[in-house]
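Colleague: give me a model of this one.
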Amino acid sequence: MYTTYHLTSAQDVNSDILDAIKAAFKSKPITIIVEEDDNAFELTADMKVVLDDRLQEDEKTLLSADESLSQLNKKYGL
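Modeller: From the prediction side, this is the model:
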């Protein structure tokens, strides 16, 4: 089991979060990993190529986002 907490600042860590972790995991061993949330996401060159290719596709043959997700779910069990 795992739980993710997203905080806007390290100053938001308080006893309520610690109490919630204790309640959820009881006396089980746990690992706590703290990482900086880097919002500066950059597309790789490969990602840009895929997106550029998609922009060139005929709009009449494009799938909706829902249909794309449905097909991915059927194919890969997502």
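Colleague: reduced to three states, what does the residue of the chain positioned farthest from its centre come out as?
Modeller: For the chain, the largest distance from the centre (C-alpha atoms, centre = their mean) belongs to K60, which lies 30.2 Å off. Three-state call for K60 (DSSP: H, G, I helix; E, B strand; the rest coil): helix.
Colleague: which stretches of the chain aren't confidently modelled?
Modeller: 39-40 (pLDDT under 70).
Colleague: helix or strand for the most centrally placed residue in it, which one?
Modeller: The residue lying closest to the centre of the chain (C-alpha atoms, centre = their mean) is T4, at 10.6 Å. Using DSSP states H and E, T4 is not contained in any helix or strand.
Colleague: could you do V50 as well?
Modeller: helix 45-55.
Colleague: quick one on the thing from earlier: contact partners for the residue nearest to the centre of the chain?
Modeller: The contact partners of T4, by C-beta atoms under 8 Å, 6 or more residues apart in numbering, come to none. For the C-beta atoms, the positions are set from N, CA and C on the backbone; glycine is no exception.
Colleague: next, it: phi, psi?
Modeller: phi -120, psi 130 (degrees, to the nearest 10).
Colleague: what are the buried residues along the helix holding V50?
Modeller: By neighbour count with 16 or more other C-beta atoms under 10 Å, helix 45-55 contains no buried residues.
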